[in-house]
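# Here is a sequence with its predicted model. Questions after.
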Amino acid sequence: MHKNGKGLDQSVDLSIDFCGVKSPNPFWLASGPPANTGYQVMKAFDAGWGGAVWKTIGDPIVNVSSRYGAWDMKGEKVMGLNNIELISDRPVEDNLREITEVKKRFPKHTVVASLMVESKQQTWHDIVRRAEDAGSDILELNFGCPHGMSERGMGAAVGQVPEYATLITGWVKEVAKTPVIVKLTPNVTDIAHMAAAAKAGGADAVSLVNTFNSLMGIDLNNFTPRPYVGGSSSHGGYCGPAVKPIALHMLSSVAKHPRVNIPISGIGGISDWRDAVEFMLLGATSVQVCTAVMHYGFRIVEDMIDGLHNYLEEKGFHSPMELVGKAVPQVKDWGDLDLNFKVIAKIDAEKCIGCNLCYIACEDGAHQCIESDARPLGDLRDGVIARHMPRIMEDHCVGCNLCALVCPVPGCITMKEIDTGRNSMNWRQLQEARGKSPSCSMEELLASAKRAGN
Ligand SMILES: Cc1cc2nc3c(=O)[nH]c(=O)nc-3n(C[C@H](O)[C@H](O)[C@H](O)COP(=O)(O)O)c2cc1C
Ligand code: SF4
Ligand code: SF4
């Protein structure tokens, strides 16, 4: 273990440049309980975190008790976390004074002041000036909080209306001297559209995602949703490992959008260095973590630093900046995928334990391409149980992956590429070859419906 990255090969430098601000590494605490006080942020920096986005600062609120709920999955705790907590309940001046103290002790670390105030130009001007005077390096505008604050015309209430997002970002940019990140809510139809709205207001960067609207579950005995607040509950924000694939998709859509093209801070279910690398490959320059720190503590950054360092070294990179966006070109529209690429399932008989799960999955849930013979593993008269021996019908297998996904033995079912003997052809090319239009826009659909008299 190389605490804080000390003792690692010096040819790799983990520092990043985010909108001109240097950070010792791309790992930042996301705005939330772990970045609530100067004490915590200093402890996190001592542990190795490169930056911290302060718990959102604004007019102090009053929280309810209780306020968190978790989604456990077959023994795995907190795969998803839901909260009905609001922004900081601490006075603005306490938060700002502690930002100054943190910056004094850690001048090279990145402190981002997350801000949310009522939607008035002067109020935004005031808070921006105060946060910058306190010494924050970057501002993050919280346009994402999905509960409580949105009912007061802040948070997601701003982040869900492009005109408001552009307007308020513009107010902030009128006075800001430091870079401005707009933090986006995932609770919209098209997050890339909202990122473009933030850019139109002058945002220097965007961060995503904030939490997803969710209702955590119902107590079957008292018929009350969780988390329990004196006989009732409310919808809240969902995050943690369970949201990662959705966050990755949203990130890629923002990274690809031609009207955005500004740095991105990636957030949503990041728990280890591999998750962080995936976010960077899809366009994030820095990554932010909340739930994993709430679950396991600041120490997780030690493995993140080691893992990222070793990965970069192994791949021959010198900086995490070289990773940013490398996977974006490979995210394509479905219509651009090669219809003639084919894989089929192969079972390693040596590894197979005869559980029959692949057979059942393919038989009932896929394409009936696995045969399963029950074969005794010895003499049945000795009490030997028959073992199922699955066999793939290769000519029928469509290569859907399902059997490999359900097989409990690592490496037992693999998907092998086969040569179809056909040249690559995607759906658009196929449509063109058939003399049909490769795309069908909503306008065309509406026009043809009109022609048909619908
Ligand atoms: C309890 C809790 C409180 C949060 N408070 C804030 C907040 O004050 N401001 C903010 O911008 N995001 C807040 N978030 C959202 C996180 O910053 C982050 O966007 C989200 O949790 C997704 O990251 P994760 O999956 O690593 O937790 C909060 C999240 C949690 C779990
Ligand atoms: S890949 Fe899909 S179709 Fe092929 S054997 Fe597995 S489950 Fe069946
Ligand atoms: S799921 Fe895997 S281990 Fe189980 S029968 Fe199929 S191949 Fe064998």
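Nice, thanks for sending it over. Ligands and ions are numbered 1, 2, ... in the order given.
# can we go C-alpha only for contacts and neighbour counts from here?
Fine.
# quick one, domains of the chain?
Taking automatic domain parsing as the domain assignment, the ranges for the chain are 3-329, 334-418.
# hmm, the longest one in reach of ligand 1?
Yes. Under the criterion of CA under 6 Å from any ligand atom, domain 3-329 makes contact with ligand 1 via 30-33, 55-56, 83, 85, 87, 142, 209-211, 239-240, 267-270, 289-291.
# Contacts for stretch 230-238, please.
Stretch 230-238 is touched from outside by 80-85, 145-147, 210-216, 224-227, with contacts defined as CA atoms under 8 Å, 6 or more residues apart in numbering.
# so Thr211 touches Ala242, yeah?
No. Taking CA atoms under 8 Å as the definition, Thr211 is not a contact partner of Ala242, at 11.5 Å.
# Show me which of the two is the more surrounded one.
Counted by other CA atoms under 10 Å, Thr211 and Ala242 do not tie: Thr211 has more neighbours, with 27 against 18.
# and that one, what does it touch?
Taking CA under 8 Å, 6+ apart as the contact definition, Thr211 lies against Gly144, Cys145, Pro146, Thr185, Pro186, Gly237, Tyr238, Cys239, Gly268.
# May I ask which two of those are separated the most?
Maximum pairwise distance in these, criterion CA to CA, is 14.7 Å, between Pro146 and Gly268.
# Of the two, which one has the most company?
In this comparison of Pro146 against Gly268, neighbours counted by other CA under 10 Å, the higher total goes to Gly268 at 31 against 28.
# Quickly note the distance from the more buried one to ligand 3.
With the distance defined as CA to the nearest ligand atom, to the nearest Å, Gly268 ends up 31 Å from ligand 3.
# Which per-residue confidence value corresponds to that residue?
You'll see Gly268 listed with a pLDDT of 98.
# Would you confirm that it contacts Cys239?
Yes. The criterion here is CA under 8 Å, and Gly268 meets it with Cys239 at 6.3 Å.
# Which residues are in contact with each of those two?
With contacts taken as CA under 8 Å, 6+ apart, the residues that reach both Gly268 and Cys239 are Asn210, Thr211.
# so who does Leu308 touch?
Leu308 is in contact with Trp273, Arg274, Val277, counting by CA under 8 Å, 6+ apart.
# between those residues, which is closest to ligand 1?
Closest to ligand 1 out of these is Trp273 (12.7 Å), distances taken as CA to the nearest ligand atom.
# What about the nearest residue to that closest one once chain neighbours are set aside, how many residues nearby?
Nearest residue to Trp273, sequence neighbours excluded (CA to CA, 6 or more residues apart in numbering): Met304, at 4.4 Å. Counted with other CA under 10 Å, residues neighbouring Met304 total 24.
# In terms of helices and strands, where is Met304?
Under DSSP states H and E, the secondary-structure element containing Met304 is helix 300-315.
# list the buried ones in that helix?
By neighbour count on 16 or more other CA atoms under 10 Å, the buried set for helix 300-315 is 300-313.
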